[in-house]
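> Let me see the structure of the following:
(chains A and B)
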There are 2 protein chains.
Amino acid sequence: MEFSSKLLEKAVNEMSQLPGIGKRTALRLVLHLLRQPKDQTILLTSALTQMRSDIQFCSSCHNISDTQLCDICANPRRTEEIICVVEDIRDVMAIENTSSFKGRYHVLGGKISPMDGIGPNDLNIASLVEKVKKGTVKELIFALSSTMEGDTTNFYIFKQIQDYEIVTSTIARGISVGNELEYTDEVTLGRSILNRIPFETSLKS
Amino acid sequence: MEFSSKLLEKAVNEMSQLPGIGKRTALRLVLHLLRQPKDQTILLTSALTQMRSDIQFCSSCHNISDTQLCDICANPRRTEEIICVVEDIRDVMAIENTSSFKGRYHVLGGKISPMDGIGPNDLNIASLVEKVKKGTVKELIFALSSTMEGDTTNFYIFKQIQDYEIVTSTIARGISVGNELEYTDEVTLGRSILNRIPFETSLKS
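Predicted structure coming up:
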């Protein structure tokens, strides 16, 4: 791609560093900014700059927060006895949207993945084990994605805490509510049969 | 979408103002910036800010440029007798990539589109007519997209310059080189038959 302007080329190159944004898309976005009033570019760049420099991570659960302790950890009505372990803050947002969890979270910041050079020490695992050691936690719910990396991470954490008196669980995998059986992949269908629940229990949820 | 941080929410909202970027994609991009070193955010925001404030448009062809006259218009080996009329700077880049045009360009900045409130006065049409009036231009090539708006714009310009001694042409529409006939849409196939060229001519290109 040949540019008639170095300034334009630089902006497109930086924009195309973002994941999933190729050169053509970057050019489209940058030209859009050029057509809009200058204010829009100023609003965008200042929001990004301020976020990158001022954002904090909750000292307890590592969720993104504007304060030292996030709103969830600071809420006395959320029990600290149940902790849901997730990879990413997007998972916290997704579970919060369901309004069906009243415990707290622990954001690992990723999964153990030797292929990507991510080991246990790169994740917020030590602080989770510390919480368990203190004795207030009664249940850990593993809500990582069901991939090899997710399973490895679950198992690594499980090994660290198995000597403490604590219940561990993983979120249920199965057929999505409303989905047809015939279109479900085999692994999910197989798991949903293995992990079947009493019919009476299903009536309550 | 509920955010645990106002700074994050603001950054996502600004990012999702860009065309084709929804809230979820914006969140993914912003979280990516958070995971990368601060430098990357600084490079991106400064490139965008500098581009938006310092970029210029060529005083002759309205192409994006870092100088008052763009490289193409300043190049004495590009004839000013043939002008290719395009909508957008991306069209200039696309045609330049083919290396098959040695004239100059005129970037309109859009098409006449009453539906979007874009009239002839919102486009760089007057300066094109001025160029024709001066008498140096011998041919205008219309290279707008073949939509109703493109055709309207072509015709509007044609009416303004028809009294001057000048050749006007439009780029050829037809089946893409290498494409199968059976998969081509009817309009394109129809036009390619109507606008057939002598076989000898096709051998030369």
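
> Next, give phi and psi for the residue most central in space within chain A.
In chain A, the centroid-proximal residue (CA atoms, centre = their mean) is A:Asp88; its distance is 1.9 Å. The phi and psi values for A:Asp88, taken as degrees, to the nearest 10, are phi -140, psi 160.

> quick one, domains of chain A?
In terms of domains, chain A is parsed into A:6-54, A:76-171 (source: automatic domain parsing).

> Most tightly packed of those?
Each of the domains of chain A was scored by mean neighbour count; the highest is domain A:6-54, a mean of 17, by mean count of other CB atoms under 10 Å in any protein chain shown. Where you see a C-beta, it was placed from the backbone N, CA and C, and this is true even at glycine.

> how close does A:Ser146 sit to A:Thr41?
41 Å (CB to CB, to the nearest Å).

> Over to A:Asn63?
For A:Asn63 relative to A:Thr41 (CB to CB), the value is 30 Å.

> For chain B, see how far away A:Asp71 is.
6 Å (CB to the nearest CB, to the nearest Å).

> Look at the closest residue to that residue other than its chain neighbours and say how many residues are nearby.
Nearest non-adjacent residue to A:Asp71, counting by CB to CB, 6 or more residues apart in numbering or on different chains: B:Ser4, 6.2 Å away. Neighbours of B:Ser4 under the rule other CB atoms under 10 Å in any protein chain shown: 21.

> for B:Ser4, phi and psi?
Backbone phi and psi, for B:Ser4 under degrees, to the nearest 10, turn out to be phi -90, psi 0.

> from what I can see it touches A:Tyr105, true?
No - using CB atoms under 8 Å as the test, B:Ser4 is too far from A:Tyr105 to be in contact (9.8 Å).

> intersection of neighbour lists for those two?
Residues touching both B:Ser4 and A:Tyr105 by CB atoms under 8 Å, 6 or more residues apart in numbering or on different chains: A:Asn63, A:Ile72, A:Val92.

> So which of those residues is the closest to chain B?
A:Asn63 (5.4 Å; CB to the nearest CB).

> Doesn't A:Leu43 belong to a strand?
No - counting by DSSP: H, G, I helix; E, B strand; the rest coil, A:Leu43 is not part of a strand but helix.

> If you drop the residues flanking it in sequence, what lies closest to it?
A:Leu43's closest residue in space is B:Glu14 (CB to CB, 6+ apart), at 5.4 Å.

> Would you enumerate the residues in contact with that neighbour?
A:Leu43, A:Leu44, A:Ala47, A:Leu48.

> Recalculate using a threshold of 7 Å.
Residues near B:Glu14 by CB atoms under 7 Å, 6 or more residues apart in numbering or on different chains: A:Leu43, A:Leu44, A:Ala47.

> Same check on A:Thr184?
Contacts of A:Thr184 by CB under 7 Å, 6+ apart are A:Ile175.

> Chain A: strands as residue ranges?
For chain A, the strands defined by DSSP state E occupy A:56-57, A:64-65, A:82-86, A:104-107, A:139-142, A:167-170.

> For chain B, which of those is the nearest?
Using CB to the nearest CB, the nearest of these to chain B is strand A:64-65, at 4.8 Å.

> Please list the residues outside that closest one that contact it.
By CB under 7 Å, 6+ apart, strand A:64-65 touches A:Ile55, A:Gln56, A:Phe57, A:Cys58, A:Ile89, B:Ser4, B:Ser5, B:Leu8.
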